[in-house]
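Visitor: got a predicted model here, sequence first, then my questions.
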Amino acid sequence: MADPMRIRAQAAAGKATVRVLMAHEMESGQRKDPAGKTIPAWFIQDVTASHNGKQVFSAEWGPAVAKNPFLQFVVKGAKAGDKIVVNWKDNRGDSRTDEATVS
Amino acid sequence: MTFSKSVPLIASALALLGLFASGAWAQKSAIEAIEEYRAMMQDGNPAELFEAKGEDIWKTPRGPKKVSLAQCDLGKGPGVVKGVFVELPRYFADTQRMQDLESRLVSCMETLQGFNAAEIAKTPFGKGEQINVTALATWIAAESKGQKFNLPQAHAQEKVFYEVGKRLFFQRAGAHDFACASCHGTDGKRIRLQDLPNLTKNPGDGVGFAAWPAYRVSNGQMWGMQQRLNDCYRQQRFPYPGFGSDATVALGVYLGVNGKGAVSVAPALKR
């Protein structure tokens, strides 16, 4: 199973800044292994985030996103104590969901 | 949409812009631009992912004996993690050896959990159990973030290793007639755009020995001090001294004692 994400969410002036670190290889499909064989692409395809159960963010990613990606976004109206849930799904069908409380 | 990609991209674009704008007339501003780039990346240092992994591995019962590392003595008593990083390498009475953080972790994995230490030492960096050793070292280093280096020099072996490390640091050999001191022996040197700290004295807070383990953005790898030192030797066209070898531990003692009083920023973020 995939390693957990690190999610930090901080509220200030009626909005919360959410910062997410995801542990993922993000293989581009362009690299070759020492034997010369292409390493198959393996990357996060879908990212969604919800605020107290309501979806506030969704993105479709491709193989050009860096390894161990960092994502930052702002949620309007989120305040301390609210729950932020982030989910990703990769092209192998693997997925990971983690949650954090806004502080 | 590639939201996350745009963040480091914008960061590097800005850093490059800074380079072009000012690089022509002042080398210092190029370095400042790189510093700025690092500061922007620091916010999302992926080393945090390895910290979380290391903490989990420390607490999880593993190995043939199915126990956790909670009783591992890293120099301040069994199970004490905070503050140990800034006092390593040191002499351990139970193994009767000088050990650094990573070699000590491997001997804990052998005595407590039943792993084969020799086998782990032979495993290439970034493979198998070595991944876990690096993650553990990352978490333990992070637990001492902000503390000042203060390596013990009370035991006779600790003094011997300092002297040995010093000699190794200045020993010239290999195809290029190179020594650590060739690059790290004077102030103000650089390789390409990377500053090279002068490691014969205290290089300052969070530089050199006080910065590893570190996450390398360019290859997406987490490196411990053992890998750093072994790779330094590779760059000098020496054979690998080997994981946890006396040579690398002695160099660690030399660098660590020289850096006395420097604040640890490990796990750091490198280019």
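Guide: Perfect, thanks for sending it.

Visitor: identify the residue nearest the closest residue to chain B within chain A in space, chain neighbours excluded?
Guide: In chain A, the residue that lies nearest chain B is residue A:70 (3.2 Å; Cβ to the nearest Cβ). No exception for glycine: its C-beta is placed from N, CA and C like everyone else's. Nearest in space to residue A:70, with sequence neighbours left out and distances taken as Cβ to Cβ, 6 or more residues apart in numbering or on different chains, is residue B:44 at 3.2 Å.

Visitor: doesn't residue A:21 make contact with the one you found?
Guide: Yes. Residue B:44 is in contact with residue A:21 according to Cβ atoms under 8 Å; the separation is 5.7 Å.

Visitor: need the overlap of contacts for these two.
Guide: Listed contacts common to residue B:44 and residue A:21 are residue A:70; contacts here mean Cβ atoms under 8 Å, 6 or more residues apart in numbering or on different chains.

Visitor: how about the residues of chain A near chain B?
Guide: Contact residues (Cβ under 8 Å from any Cβ of the partner chain) of chain A with chain B: A:3-4, A:6, A:19, A:21-23, A:59-62, A:64-73.

Visitor: for residue B:220, see how far away the residue of chain A most remote from its centre is.
Guide: Residue farthest from the centre of chain A, counting by Cα atoms, centre = their mean, is residue A:35 at 31.8 Å. Separation of residue A:35 from residue B:220 (Cβ to Cβ, to the nearest Å): 21 Å.

Visitor: enumerate every residue touching residue B:185.
Guide: Residue B:185 touches B:170, B:179, B:198, B:199, B:200, counting by Cβ under 8 Å, 6+ apart.

Visitor: so how far is stretch B:237-253 off the chain centroid?
Guide: Taking Cα atoms, centre = their mean, to the nearest Å, one finds the center of stretch B:237-253 at 13 Å from the center of the full chain.

Visitor: okay, how far is it across that stretch, tip to tip?
Guide: Chord length of stretch B:237-253, first to last residue, is 23 Å (Cα to Cα, to the nearest Å).

Visitor: now the strands for chain A?
Guide: Remark: strands assigned in chain A by DSSP state E are A:6-12, A:15-21, A:44-51, A:54-60, A:70-76, A:83-90, A:95-101.

Visitor: report all helices and strands that the second one contacts.
Guide: To tie it back to what came earlier, the one meant is strand A:15-21. Counting contacts by 3 or more Cβ pairs under 8 Å, 6 or more residues apart in numbering or on different chains; DSSP states H and E, strand A:15-21 is packed against strand A:6-12, strand A:70-76, strand A:83-90.

Visitor: flag every buried residue along that strand.
Guide: For strand A:15-21, a neighbour-count test (16 or more other Cβ atoms under 10 Å in any protein chain shown) marks A:16, A:18, A:19, A:20, A:21 as buried.

Visitor: same question for stretch A:26-37.
Guide: Buried, per 16+ other Cβ under 10 Å, within stretch A:26-37: A:26, A:27, A:28.

Visitor: how far does it sit from its chain's centre?
Guide: That offset, for stretch A:26-37, works out to 23 Å (Cα atoms, centre = their mean).

Visitor: show the average pLDDT along that stretch.
Guide: Across stretch A:26-37, pLDDT averages out at 93.

Visitor: what's around residue A:99, how many residues?
Guide: For residue A:99, the tally of surrounding residues (other Cβ atoms under 10 Å in any protein chain shown) stands at 13.

Visitor: the residue of chain A closest to chain B against residue A:21, yeah?
Guide: Yes. In this structure, residue A:70 is within contact of residue A:21 by Cβ under 8 Å, at 5.5 Å.

Visitor: overlap in contacts, these two.
Guide: B:44, B:46.

Visitor: OK, now which residue of chain B is nearest to chain A?
Guide: Distances between chain B and chain A by Cβ to the nearest Cβ are smallest at residue B:44, namely 3.2 Å.

Visitor: so what's that residue scoring on pLDDT?
Guide: So residue B:44 comes in at 79 (pLDDT).

Visitor: also residue A:60?
Guide: 96.

Visitor: separation between it and residue A:91?
Guide: On the measure of Cβ to Cβ, residue A:60 and residue A:91 end up 11 Å apart.

Visitor: who has more neighbours, these two?
Guide: residue A:91 (17 against 10).

Visitor: domain ranges for chain B?
Guide: Per automatic domain parsing, the structural domains of chain B span B:3-42, B:47-270.

Visitor: where among these is average confidence lowest?
Guide: Mean pLDDT, when computed for each of these, is lowest for domain B:3-42, at a mean of 55.

Visitor: neighbours of residue B:172, how many?
Guide: 12.

Visitor: wait, it touches residue B:180, no?
Guide: No. With contact defined as Cβ under 8 Å, residue B:172 and residue B:180 do not form a contacting pair (9.6 Å).
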